[in-house]
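# sequence? don't have it. structure:
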């Protein structure tokens, strides 16, 4: 008898499935357990399984008992090696449920973590603000301490400067007092005829740098020669005349040395004075001539016999000698100025060459640094990198040497310019334009930086007074306005650098 056909109608098939479920067969019990597991694990419902195109269960075909036995025992024997699609779906649902549970736990822990993170951030922020406030307070205290030190340093500097000014004033007063005593001693020695003492005093006055010391006079204008003529010592008068004393100076009451010698009857010194160029036509403040004031007949006779034309020739010769001496002094001053100009030109050339050498050395150093950086970036061999480092060190030594030469050249140039300014100032004051002398020196506009800003030679520092600039052209005001603006910008830059340094200090403290 052939087995019945398995392809029954769908109705019969579903009836067979439900009948199998009702009959409590192992297969039905297994399906019920799978559905219960899916429901517990939150898996899909049977309708969803149908939507997901799960293969529908079909009624097993009717077979022989042997085939049925094989069919019934087949799933049980194969279950050890593979799962049915429903079991796989149940396992997948369980894994999904586990993942969802882990995700929820992670979300719960993640929700708590940000809350702890915010508290930690707030605490760290408060700690950072506290440290920053402490650093700023420390920087402020340091700045206040620096201000106090600067103030004390300024006070000490002013005290030292005041002490220097007081010392200079004392030295000047001492020098004037010494010069006054020296002049008094020379006047007394001339009047007393002490030639050796007078010669020593004249040499001492020359060593002190007294100007026109041979014609030094007292408060009334009486010169050394006038006192010597009044004293009547011939050797003393001749010593002073040989030293270049002027025989026609006018002292108290406009009296000349010849007038005083004639008035006091010193006949032995009258002729030497006349032969030296003393003019007998010069009278006193009342117009009284030496002839009128002569105390003896011998003096009157000598004056009457004297040829006044000879006096004119002597005076002309005297004037010529004075002009020749002035010309020689002027030539010497001009030679000094020219020498200073040549020195300035030479120093300027050396300075330019030194600056060019320094610039070239710095360019070579930049090239060596670039070559080294290129070798490092291109991973060149270590020997080549070491060679480039050695070249950098050599270039640095060359730069330092060039910098030292440039500094020395700049110092020589400043010294040469200072010498030129002083020589020009000396020549200007000696050209007869110092009838109303003004203390100070004449400088070019381009030299204001050396004179006012850098104070080459420390002239302003040694004087101790504020400089006064007199410029009728008005060009100096442009330079000074630029200088003020430059100093203002420099002060701003320094303040900014100080703020940056304070910030860097705070950062280091943090």
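Arrived safely, thanks for sending. Values in this document were obtained by computation on a predicted structure and should not be read as measured data.
# any weak-confidence spans in the stretch 351-500 of the chain?
429-440, 464, 484-500 (pLDDT under 70).
# so which residues of the chain form strands?
With DSSP state E as the definition, the chain shows no strands.
# by residue count, what's the longest helix in it?
Identified as the longest helix of the chain according to DSSP state H is helix 85-192.
# report all helices and strands that it contacts.
helix 26-40, helix 195-208, helix 224-231, helix 475-509 (3 or more Cβ pairs under 8 Å, 6 or more residues apart in numbering; DSSP states H and E). C-betas here are computed from N, CA, C, even on glycine.
# quick one: buried residues of stretch 336-349?
336, 337, 340, 343, 344, 347 (16 or more other Cβ atoms under 10 Å).
# repeat for stretch 184-203
For stretch 184-203, by 16+ other Cβ under 10 Å, it's 185-191, 193-195, 198, 201-202.
# follow-up on the earlier one: so which of the buried residues of stretch 336-349 are in helices?
336, 337, 340, 343, 344, 347.
# check contacts around residue 189.
197, 198, 201 (Cβ atoms under 8 Å, 6 or more residues apart in numbering).
# I'd guessed the second one sits against residue 239; true?
Yes. Using Cβ atoms under 8 Å, residue 198 is in contact with residue 239, at 6.8 Å.
# how about residue 251: what's its closest non-neighbour residue?
residue 222 (3.7 Å; Cβ to Cβ, 6 or more residues apart in numbering).
# wait, I meant residue 252
Closest to residue 252 by Cβ to Cβ, 6+ apart is residue 220, at 3.8 Å.
# where does that neighbour fall, phi/psi-wise?
phi -90, psi 0 (degrees, to the nearest 10).
# for it, report the pLDDT, please.
Residue 220 is assigned a predicted lDDT (pLDDT) of 90.
# number of residues surrounding it?
Residues lying near residue 220 (other Cβ atoms under 10 Å) number 10.
# ditto for residue 454
10.
# which residue packs closest to it, ignoring adjacent ones?
residue 414 (7.6 Å).
# report the contact partners of that neighbour.
Counted by Cβ under 8 Å, 6+ apart, residue 414 has contacts 450, 454, 456.
# quick revisit: distance check, the residue nearest to residue 251 against residue 239.
Residue 222 is 17 Å from residue 239, where distance means Cβ to Cβ, to the nearest Å.
# try residue 404
From residue 404 to residue 239 the distance is 56 Å (Cβ to Cβ).
# one more: residue 473?
From residue 473 to residue 239 the distance is 51 Å (Cβ to Cβ).
# who has more neighbours, the two?
Per other Cβ under 10 Å, whichever of residue 473 and residue 239 has more neighbours is residue 239, with 20 against 8.
# need the contact list for the residue nearest to the more buried one when sequence neighbours are not counted.
Distances taken as Cβ to Cβ, 6+ apart place residue 195 nearest to residue 239, at 5.8 Å, with adjacent residues excluded. Applying Cβ under 8 Å, 6+ apart to residue 195 gives the contacts 233, 235, 236, 239.
# between those residues, which is closest to residue 180?
residue 236 (21.1 Å; Cβ to Cβ).
# ok, back up a step: cross-check the contact I'm expecting between the residue nearest to residue 252 and residue 251.
Yes. Residue 220 lies in contact with residue 251 (Cβ under 8 Å); the separation is 5.8 Å.
# which residues are in contact with stretch 302-322?
So stretch 302-322 is in contact with 262, 267, 270-271, 274-281, 290-291, 294, going by Cβ under 8 Å, 6+ apart.
# how does it look with 6 Å?
With Cβ atoms under 6 Å, 6 or more residues apart in numbering as the test, stretch 302-322 has contacts from 270, 274, 277, 279, 280, 291.
# in helices, which of those residues fall?
270, 274, 291.
# who are the contact partners of the first one?
So that's residue 270. 261, 299, 302.
# go again using 10 Å as the cut-off
Taking Cβ atoms under 10 Å, 6 or more residues apart in numbering as the contact definition, residue 270 lies against 229, 232, 237, 258, 261-262, 278, 280, 290, 294, 296, 298-299, 302-303, 306.
# could you do residue 184 as well?
201, 216, 218.
# what of residue 364?
Applying Cβ under 10 Å, 6+ apart, the residues near residue 364 are 391, 394, 395, 398, 399, 402.
# save the residues you listed as CSV, and put in distance to residue 382 and neighbour count too.
Below are the contacts of residue 364 laid out as CSV (distance: Cβ to Cβ, whole Å; neighbours: other Cβ atoms under 10 Å):
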residue, distance to residue 382, neighbour count
391, 15, 17
394, 19, 13
395, 20, 19
398, 25, 18
399, 26, 18
402, 30, 20
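# just name the closest of the residues you listed to residue 151, please.
So of the contacts of residue 364, ranked by how close each gets to residue 151 (Cβ to Cβ), first place is residue 399, at 39.2 Å.
# any idea how far residue 408 is from the nearest residue to the closest one once chain neighbours are set aside?
In space, and not counting its chain neighbours, residue 399 is closest to residue 361: 4.6 Å by Cβ to Cβ, 6+ apart. Plainly put, residue 361 is 15 Å away from residue 408 if you go by Cβ to Cβ.
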